[in-house]
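[1] sequence? don't have it. structure:
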């Protein structure tokens, strides 16, 4: 899968197309993968990946199980957006580092075009079939969630879906700094709209990715988060009593696309592809 010169497309059957359409699609897909390999080489040659590897491995030095699967949300239009392409290249390096097979990594972004979905398939990655709004259960398996620059509600929904010490202790989240979220929001807003983030803060370990002048906008405010079981057990028992699903009825700036908006979003993306 990951050869020394970069990632190679995974094998598999292709659906029949007209010759001209198939050639054009193959050329487009090849260009996307070539730019992705260039982003990979850039991350490696710049030293950013080497500097980030320590933060990536930090959870594994304690009691956190090595992840056996990965879920990625909110990657964006990586065929045309350099920042999204670097984030995808970083994810693929991350899977290699942690030994997670590409087939055990699932992605979702309502903005993905058909071409991008095909490119992810060529890389051996899987697409989630629907918009989960971040409500993905670890189901007892150690899971890495890769969520760079996602909306706060997505993290909050993910925590709610796995709201027990046992499940949270199996998660590693790479995404927006929880400390940064706490610093930027008024306490009453954090507790009202994103109560699960607020409640888990004292049970969270966090290590920031290093800053690099070339990737200031791509990985700014990004941290690795994990939830050691012993720290979670030290939280007040009342923390675990209320497990109401978040509704965000009073939230003025909801930063996620709701499931009911997904069909319209997919239609717009298809029209632009």
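    Looks like it came in fine. For clarity, every value in this text was computed on a predicted model and none was experimentally measured.

[2] Now the element after the helix or strand hosting residue 145, going C-ward?
    Assigned by DSSP states H and E, residue 145 belongs to strand 143-147. Next along the chain after strand 143-147, taking DSSP H and E as the criterion, comes helix 152-161.

[3] and stretch 197-215, what's its mean pLDDT?
    When pLDDT is averaged along stretch 197-215, the result is 96.

[4] Output the contacting helices and strands for the strand holding residue 145.
    Applying 3 or more C-beta pairs under 8 Å, 6 or more residues apart in numbering; DSSP states H and E, one finds that strand 143-147 contacts strand 69-73, helix 82-98, helix 152-161, strand 171-176. Just so you know, the C-beta spots here come from the backbone N, C-alpha and C atoms, and that holds for glycine as well.

[5] Nearest to residue 28, out of these?
    helix 82-98 (14.4 Å; C-beta to C-beta).

[6] what comes up buried for the helix or strand following the closest one?
    Sequence order places strand 105-108 as the next helix or strand after helix 82-98, per DSSP H and E. Of the residues in strand 105-108, 105, 106, 107, 108 count as buried by neighbour count, 16 or more other C-beta atoms under 10 Å.

[7] and what of stretch 174-182?
    Buried residues in stretch 174-182 (16+ other C-beta under 10 Å): 174, 175, 176, 177, 178, 181.

[8] just checking, the fourth one touches residue 219?
    Spelled out, it's residue 177. No - counting by C-beta atoms under 8 Å, residue 177 does not reach residue 219; the two are 11.1 Å apart.

[9] on that earlier part again, next, format the buried residues of stretch 174-182 as TSV and append distance to residue 100.
    What follows is those, written out as TSV (distance: C-beta to C-beta, whole Å):
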residue	distance to residue 100
174	13
175	17
176	22
177	23
178	23
181	26
